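K.L.:
Just a sequence and a predicted model for now, questions to come.
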Amino acid sequence: MPPPAPQQHGRHTIDERVCLWLLLALICLPEILIYAAELGWIGSRTWRVLSVQYGAFWPGLLRDWQPNYAAQPWVMFLSYAVLHTGLMHMLGNALVTLWLTPPLLARFGLGRFGVLWLAAAICGAFGFFLLASDPTPMIGASGCVFGLVGAWTVLRFVLPGRLGAAFTIVIALIFLNVVTLIIEQGALAWQTHLAGFIAGAALAYLFRNHRRPRTV
């Protein structure tokens, strides 16, 4: 009789922790380096301007603008999501990611969570392209973060039938965006938030019957 297969204690837990720290690094590290450069500690004070020129989402590049490098119109669909306007912008996105990533990873596993994150980023950029009325560049991980919020709302409230609570969450998010839009004098990519939320919610519903296998 062959010996039993070895058990993989905590494999998923370790993978989830690596995924979480990788996401936090992607969200935080570029802004930390750019901020340090602005203080004169490292690099050049031009890093922020260059990061926007080469990494922001520029709607005009999907029309007739000339890119800085050949792949920029494609790369910007993801690169914009690792750049921020400052430490507070970065910190807000990092905190929500820290809060929502573990339960979504536990439900979907690494593969489907990765699809959700990337889809929220890409759809968020497309939403900005389709709905924004000016060629202003867009940066920030908020499209991905709102994708996580959309997925969490579906799992926590929509699927269990708590539609009133889900409606309350949506109203609260709309109110938050309106207030922030006023405070920032229009400098808020609400289009990215909306598209990211819809993408995350749709994928969570699509993945609703999937549960990650448990380990012992």
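P.N.:
Looks like it came in fine.
K.L.:
CA only for contacts and neighbour counts going forward, please
P.N.:
Fine.
K.L.:
which other helices and strands contact the lowest-mean-pLDDT helix or strand in the chain?
P.N.:
Ranking every helix and strand in the chain by mean pLDDT, DSSP states H and E puts helix 11-38 at the bottom, with a mean of 89. Here helix 11-38 is seen to pack against helix 47-55, helix 87-131 when contacts are counted using 3 or more CA pairs under 8 Å, 6 or more residues apart in numbering; DSSP states H and E.
K.L.:
tell me the most buried of these?
P.N.:
helix 87-131 (a mean of 19; mean count of other CA atoms under 10 Å).
K.L.:
Name the next helix or strand downstream of that one, please.
P.N.:
Per DSSP states H and E, helix 87-131 leads on to helix 142-153 as the next helix or strand towards the C-terminus.
K.L.:
Kindly calculate the angle that that next one makes with helix 87-131.
P.N.:
Here helix 142-153 runs at an angle of 90 degrees relative to helix 87-131 (axes from the mean of the first three to the mean of the last three CA atoms, to 10 degrees).
K.L.:
Just the buried positions in the following helix or strand past helix 142-153, please.
P.N.:
Downstream of helix 142-153, the next assigned helix or strand under DSSP H and E is helix 163-183. By 16 or more other CA atoms under 10 Å, the buried positions in helix 163-183 come out as Ala166, Ile169, Val170, Leu173, Asn177.
K.L.:
Skipping its backbone neighbours, what lies nearest the last one in space?
P.N.:
Spatial nearest neighbour of Asn177, excluding adjacent residues (CA to CA, 6 or more residues apart in numbering): Trp190 at 6.7 Å.
K.L.:
The one you found: neighbouring residues, count only.
P.N.:
Counted by other CA atoms under 10 Å, the residues lying close to Trp190 total 22.
K.L.:
low pLDDT regions in this protein?
P.N.:
Residue ranges of the chain with pLDDT under 70: 1-13, 211-216.
K.L.:
Please list all residues in contact with the residue nearest in space to the middle of it.
P.N.:
Nearest to the mean C-alpha position of the chain, counting by CA atoms, centre = their mean, stands Cys144 at 1.8 Å. Cys144 makes contacts with Ala81, Trp117, Leu118, Ala120, Ala121, Gly124, Gly196, as judged by CA atoms under 8 Å, 6 or more residues apart in numbering.
K.L.:
ok, now Ile171?
P.N.:
Per CA under 8 Å, 6+ apart, neighbours of Ile171: none.
K.L.:
Wasn't Asp64 part of a strand?
P.N.:
No: counting by DSSP: H, G, I helix; E, B strand; the rest coil, Asp64 falls outside a strand, being coil.
K.L.:
For it, give its distance to Trp58.
P.N.:
Look at Asp64 and Trp58: by CA to CA, to the nearest Å, they are 11 Å apart.
K.L.:
again, but for Gly86
P.N.:
19 Å.
K.L.:
higher neighbour count, those two?
P.N.:
Using other CA under 10 Å, the more surrounded residue of Gly86 and Trp58 is Trp58, with 26 against 14.
K.L.:
Please give me every residue in contact with that one.
P.N.:
Trp58 touches Met76, Pro135, Thr136, Pro137, Met138, counting by CA under 8 Å, 6+ apart.
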